[in-house]
Structures are given as structure tokens and as C-alpha cells.
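Asks: Here is my input, please return the structure:
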Amino acid sequence: MHFVCLDCRVAYKKTATSRGPGRCPQCRAELINAGAHLAVPRKRDTAGWRALDAVLRSGLTFHGGCCGTGPGYRPRTPREVRERLALAGRTGMPVKQALAVPDPTTTDRYGAGVSPSSSRATTSGGC
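Replies: Residues are numbered from 1 along each chain as shown. The predicted structure follows:
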């Protein structure tokens, strides 16, 4: 599991048997359990950390789905975050759900992302 301090821009790997998220050794803030599938941005990647900040503060994490499918789509740039926040504002969709939409330009009436080549929702994750 990756545990992240957004203020210090650091991530620590801990095993599932570790006690709780713990605190950042640098600033003593509580670490956020971001999940095992997180691709940690480089420390100097300010844009990547801003996007990660928005994703984690909305409540989304990078824990895998069933059958090893991974966490699903997560925005990696501030532009992708802004596009999905605009989608949330336009449709009334919760921010957490809007941030997980792969393509904010193609959504069905329920707010789930839809591939332009098919009518199946891309947010379904059954096994």
C-alpha cells in the first residue's frame, strides 16, 4: 500500500500488516492510504501532485477492483481534473464520481462515462 503526505509530496510503502496509516516523518501530518495501484508523481512534478491532491481529497483512492482490474480511471493532470469538475458542475454528478469518468465529453444521462463506439458504461466493473 502507498501512504501519501500531500503537503510534503512524499509516498511511503507499507504492508497490509502495518498499524494504520501513521504520520509523515517530515511534517507529522496523518498519511493518506492511497492504495497499492498508485503511480506516485516525481517530487518536482507540481502538476501531477495537484491532480493527485484533488483525487485523494475527493475520496478516490488507487485500490484495485475485483479480479485484479485496478482502480479504474484517475486524472493525472490539473487539466483533466478541471474537465471533470466542469462535468460535475454541468450534470450535478458528485465530484468523486466525476473524477473517475474516463472521458467527460461523452456521458450518458446517468453521468456514467460512455465510449463513443459503444453504448456500454465504462464505469461498470463486474467480474
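Asks: how distant is stretch 27-34 from the center of its chain?
Replies: Mean-position distance between stretch 27-34 and its chain equals 16 Å (C-alpha atoms, centre = their mean, to the nearest Å).
Asks: Now do the buried residues in that stretch.
Replies: Buried residues in stretch 27-34, defined by neighbour count with 16 or more other C-beta atoms under 10 Å: Leu31, Ile32, Asn33, Ala34. Yep, even glycine has a C-beta here, placed from its N, CA and C like the rest.
Asks: Could you dump the residues you listed into a markdown table and include secondary structure, pLDDT and distance to Arg42?
Replies: As requested, the buried residues of stretch 27-34 are exported to a markdown table (DSSP: H, G, I helix; E, B strand; the rest coil; pLDDT from 0 to 100; distance: C-beta to C-beta, whole Å):
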| residue | secondary structure | pLDDT | distance to Arg42 |
| --- | --- | --- | --- |
| Leu31 | coil | 91 | 19 |
| Ile32 | strand | 91 | 18 |
| Asn33 | strand | 89 | 21 |
| Ala34 | strand | 89 | 16 |
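Asks: how far away is His37 from Gly72?
Replies: 10 Å (C-beta to C-beta, to the nearest Å).
Asks: could the buried residues of stretch 27-34 go into a markdown table alongside distance to Pro25?
Replies: Listed next are those as a markdown table, based on distance: C-beta to C-beta, whole Å:
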| residue | distance to Pro25 |
| --- | --- |
| Leu31 | 10 |
| Ile32 | 15 |
| Asn33 | 16 |
| Ala34 | 17 |
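Asks: What segments of the chain are helices?
Replies: 46-58, 78-91, 95-99 (DSSP state H).
Asks: Among these, single out whichever gets nearest to Lys13.
Replies: helix 46-58 (15.8 Å; C-beta to C-beta).
Asks: Show me the contact partners of stretch 39-54.
Replies: 2, 4, 6, 9-11, 34, 62, 75-78, 80-81, 85, 99 (C-beta atoms under 8 Å, 6 or more residues apart in numbering).
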